[in-house]
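K.L.:
Dropping the sequence and predicted coords here.
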Amino acid sequence: MDRDVVIAGAGPAGVAAAVALAERIPAERILCLDKARFPRDKPCGGGLTGHAHAALTRLGLEVRVPRVPCDRGRIAYRRRAHDVALGRPVDIVRRCEFDADLVTQARARGIEIAAGEGVAAFDVDRDAGLVRVSTTAGRRLTARVLVGADGAGSRVRKAITTDHRPPLRLFQAEVPMPPALAEVVEGRMIYDFSLMTRGLRGYLWLFPAPGGRLNVGAMHTAGAPRKLSGAAIEALLVEGLQAYGVELPGGARGWPAWRHRAGGRVAAPHLLCVGDAAGIDALTGEGIAVGLEHGPIAAAAIAEALRTNDFRFAGYGAAIDRAVVGRELTLDGRLARMLYAPRTFKLWLSLILFDRRVQELYAARVSGSAVLADRSGALLAALARHAVTAPARLLRLKTA
């Protein structure tokens, strides 16, 4: 047996799984493979929320790269905009720098990360109790477990499950900060829902990034009656940014992302998924914190499998769903279905825009000081208020 565990992918989810696992088994029994070489470009909003910071702390990892702290979030819809204070700032990083430094920290712990070498193919031999892995460098390896931390296009995910729901579509770019916009976005993350009137089922974001840069993008929930092509989503992004005086001379980079599904299959004998391969936040598209939180759950399941020689991973999906990350993802999946529904989005958008308590609750969740999934009483109270005030709120939304 070459290794106990091979991890496909060395992004935050893969590194989190490897680091957490190295606390339970010798690091030399773990191998991370990644087809890219670090630093590598990775489209992403780059926000490290309170949950991301807490996960990093538990893993003993640090944020050692340049970051821009944002202590406010702005919710915008046409001429309406509301700022919400964050109890703990969200740090905006550049993924090319952040991911590369996580790899450096993992290597310092004795974890081998083979960059420029991905998983080309694999075969599970249940009789022999192992996985045979072929790499893009021509190596042939055997392991007890193969972890899919290789993103939305994960080979491991494809072997485990078929998701008939269309993925989220995200487009992102980084541009020089326009001087006229610098003061507007200083210390502030902007989430603009104005494009929902133009068919986008999601939002536009503008985040200040290190080095005097601006991180911009759009998230779209595919599957609505009016289907949007990638070109159409990118065109909406360009249109939305024009209102802020931002141009995209080089266009934007698009990618798909699978939504977390409570009770969905994320494991099979000798195989399991973490991070984007397992599913991200359907409401916000957040993936960094999700991957960092998945890693230790996967590590615990793998360590138990190695101890008992039972590699079915029958309880792994349920373990994710029971954890804070799973409960929050399940709640956000429900909220996304409400907010991004084509016919009713204004009803729920008016709740987000005009209910200060809801804004504060979600800000506490982003800051990491609250688990929104455990605040059912407060959420039900917000719905009760909205049942009474919705007509007036919808009128305010219309005048925007």
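P.N.:
Cool, got the structure.

K.L.:
switch to C-alpha atoms for all contacts and neighbour counts from now on
P.N.:
Noted.

K.L.:
quick one: Gly279 from Val290, how far?
P.N.:
Gly279 sits 8 Å away from Val290, going by Cα to Cα, to the nearest Å.

K.L.:
wait, isn't Gly50 in contact with Arg88?
P.N.:
Yes. Between Gly50 and Arg88 there is a contact under Cα atoms under 8 Å: 6.7 Å.

K.L.:
so what's in contact with those two at the same time?
P.N.:
367-368 (Cα atoms under 8 Å, 6 or more residues apart in numbering).

K.L.:
And these two? Which one has more around it.
P.N.:
Gly50 (23 against 18; other Cα atoms under 10 Å).

K.L.:
Just give me the neighbour total for Gly211.
P.N.:
Residues near Gly211, counting by other Cα under 10 Å, number 12.

K.L.:
what's it in contact with, if anything?
P.N.:
Gly211 touches nothing, counting by Cα under 8 Å, 6+ apart.

K.L.:
And the pLDDT at it?
P.N.:
pLDDT, Gly211: 96.

K.L.:
which one's the longest strand in this protein?
P.N.:
strand 80-92 (DSSP state E).

K.L.:
which residues sit against that one?
P.N.:
If you take Cα under 8 Å, 6+ apart as the criterion, strand 80-92 is touched by 45-50, 67-76, 207-210, 353, 359-360, 363-364, 366-369, 400.

K.L.:
how about stretch 196-216: buried residues?
P.N.:
196, 199-210, 213-216 (16 or more other Cα atoms under 10 Å).

K.L.:
And the helices in the stretch 101-250 of the chain?
P.N.:
Taking DSSP state H, counting those that start in this stretch, the helices of the stretch 101-250 of the chain run over residues 155-160, 179-185, 230-242.

K.L.:
how far does the first one sit from the chain's center?
P.N.:
Computed by Cα atoms, centre = their mean, to the nearest Å, the separation of helix 155-160 from the middle of its chain amounts to 19 Å.

K.L.:
What of the last one?
P.N.:
Centroid separation for helix 230-242 versus its chain: 22 Å, with Cα atoms, centre = their mean.

K.L.:
Dump the C-alpha coordinates for that helix into CSV.
P.N.:
Output in CSV follows, covering the C-alpha atoms of helix 230-242 (Å, rounded to 0.1, in the frame of the first residue of the first chain):
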residue,chain,number,x,y,z
GLY,A,230,-22.9,32.0,-19.5
ALA,A,231,-22.6,34.9,-22.0
ALA,A,232,-25.9,36.3,-20.7
ILE,A,233,-24.8,36.2,-17.1
GLU,A,234,-21.4,37.8,-17.9
ALA,A,235,-23.3,40.5,-19.9
LEU,A,236,-25.5,41.2,-16.8
LEU,A,237,-22.4,41.4,-14.7
VAL,A,238,-20.9,44.0,-17.1
GLU,A,239,-24.2,45.9,-17.1
GLY,A,240,-24.5,45.9,-13.3
LEU,A,241,-20.9,47.1,-12.8
GLN,A,242,-21.5,50.1,-15.1
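
K.L.:
Pull out the buried residues from it.
P.N.:
230, 233-234, 236-238, 240-241.
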